[in-house]
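> Sequence first, predicted coordinates after that:
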Amino acid sequence: MFTTVAAINFIVFSSIELGLLDSVGTILSLGIYAWFRKTGNVALASWMITTAFTALVMYFIFMVNGTANSFMWAILIPPISYFLLGKNWGTVFSAIIFGFCCYIAYQLYDSQPAVEYSLGSFLNIVEVSVALLLMFRFYEGTRSDAYQELSYQNQKIQLLAETDKLTGLFNREKFDQYLINLMSSNDRSKTSLSLLLLDVDHFKQINDSKGHLEGDKILKGLAEVLQSKIRPNDLLARWGGEEFVVVLPDTQVDNAKDFAERLRAHVEQNTIVGVNVSVSIGVTQLTAHDNIDALLSRADKALYKAKHKGRNRIEVISP
Ligand SMILES: Nc1nc2c(ncn2[C@@H]2O[C@H](COP(=O)(O)OP(=O)(O)OP(=O)(O)O)[C@@H](O)[C@H]2O)c(=O)[nH]1
């Protein structure tokens, strides 16, 4: 920008002084940029640019004594200083430049100069307008890029916060949240909602004989099997350890029992990553007066019953 303005001043106005001033601006900008590329010191480069630009603008306004719409150049200081130095120093630099303009304007007011409108006045308006336009375009670009990046990172954090790392299923927090929402949604889904609590049998023995890593693979494999068996509206989550929970909306307990039996049989009849495993499942249904704890406690009792009765089976506790 300085180079263009310097050329205009040298060629159009034949003004050595203004041309030199803008050449100093060009040299300073290039010097600071080169220094920044070498050191990567953003903070100091921002200070140097803002200070140099503010000083040059003040000197220019002083030199032409506020004539020819030279005050326009002061408008560029707030966007530059706020963007590069932040809220506090942006305010300081803006106050300095506007205070300085008021001072010069006050002198002019006293001396009551003739109103003049020259090619210089016009070019000052054009140059500052173009600079402002480019500056705000750049700011908006960086703002929307930052916003997009932030949204993306937020989504990632949200996903991490509600996902179980090993299986990729929803975790217990997400499960709680989902169930609370579902239970408060409407009465019909409230009372026809069933829940399965599923636990791998003798998993400690599997871990002991095959190793913890193999145990992890089995949990992952089981999660995939369960996921492939549920409906799109059902929710499968890892309850913790070797326990999984399945929420079946719009499902009466008899249907939930049949589904649980099919799941159990499927696991029994197929190997998971080459290992024979079995699961026990506790089944129950939500009542109109249940809260989450009461519902889960019933499912847990049903699961305990299944374990107690020999494992690899399902047990139902109806409300
Ligand atoms: N590999 C692996 N093991 C886990 C994980 N979470 C819990 N476990 C193991 O799961 C086993 C659960 O053991 P128990 O609670 O005694 O239950 P169990 O051996 O399955 O016996 P029953 O439930 O009574 O049939 C423990 O050995 C835990 O270390 C995990 O993320 N990965």
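It's in. Residues are numbered from 1 along each chain as shown.
> where do the helices sit along the stretch 51-200 of the chain?
77-111, 119-162, 172-185, 187-191 (DSSP state H, counting those that start in this stretch).
> Can the third one be said to contact the ligand?
No: under the criterion of CB under 6 Å from any ligand atom, helix 172-185 makes no contact with the ligand; the nearest approach is 12.8 Å. All C-beta atoms are positioned from the backbone trio N, CA, C, and that covers glycine.
> Please enumerate residues in contact with that helix?
Residues outside helix 172-185 that contact it (CB atoms under 8 Å, 6 or more residues apart in numbering): 161-163, 170, 189-190, 193, 235, 237-240, 245, 247, 249, 286, 290-292, 295.
> From those, list the buried ones, please.
162-163, 170, 190, 193, 235, 237-239, 245, 247, 249, 286, 290, 295 (16 or more other CB atoms under 10 Å).
> Out of these, which comes closest to the ligand?
For the buried ones among the contacts of helix 172-185, the closest approach to the ligand (CB to the nearest ligand atom) belongs to residue 238, at 8.6 Å.
> Secondary structure element for the closest one, which one?
strand 235-240 (DSSP states H and E).
> From the ligand, how far out is residue 148?
35 Å (CB to the nearest ligand atom, to the nearest Å).
> how about the residues of the stretch 51-200 of the chain that lie near the ligand?
166, 199-200.
> elements contacting the strand holding residue 238?
When contacts are defined as 3 or more CB pairs under 8 Å, 6 or more residues apart in numbering; DSSP states H and E, strand 235-240 sits against helix 172-185, helix 212-229, strand 243-248.
> most packed of those?
Comparing the helices and strands packed on strand 235-240 by mean neighbour count (mean count of other CB atoms under 10 Å), strand 243-248 comes out on top with a mean of 23.
> Which residues does that strand contact?
169, 175, 178-179, 182, 193-200, 222-223, 226, 230-231, 234-239, 255-256, 259, 299.
> Recalculate using a threshold of 6 Å.
Residues from elsewhere that reach strand 243-248, judged by CB atoms under 6 Å, 6 or more residues apart in numbering: 194-199, 234-239, 256.
> Just say helix, strand or coil for residue 13.
When classified by DSSP: H, G, I helix; E, B strand; the rest coil, residue 13 comes out as coil.
> Of the helices and strands packed on strand 235-240, give the one that comes closest to residue 266.
Evaluated with CB to CB, the helices and strands packed on strand 235-240 place helix 212-229 nearest to residue 266, the distance being 6.8 Å.
> what angle do that closest one and strand 243-248 make?
With axes from the mean of the first three to the mean of the last three CA atoms, to 10 degrees applied, the angle from helix 212-229 to strand 243-248 works out at 10 degrees.
> Need the CA coordinates for the strand holding residue 238. CSV is fine.
Extracted C-alpha coordinates of strand 235-240, given in CSV (Å, rounded to 0.1, in the frame of the first residue of the first chain):
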residue,chain,number,x,y,z
LEU,A,235,-29.5,-46.8,22.0
LEU,A,236,-26.6,-49.0,22.9
ALA,A,237,-24.0,-47.7,25.4
ARG,A,238,-21.1,-49.1,27.3
TRP,A,239,-22.3,-49.1,30.9
GLY,A,240,-18.7,-49.7,32.2
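> got the contact list for the spatially closest residue to residue 75 that is not a sequence neighbour?
Nearest residue to residue 75 in three dimensions, chain neighbours excluded: residue 128, at 6.0 Å (CB to CB, 6 or more residues apart in numbering). Applying CB under 6 Å, 6+ apart to residue 128 gives the contacts 72-73, 75.
> quick one: low-confidence parts of the stretch 151-300 of the chain?
For the stretch 151-300 of the chain, applying pLDDT under 70 flags the ranges 186-191.
> Centre of the chain to stretch 148-162, how far?
5 Å (CA atoms, centre = their mean, to the nearest Å).
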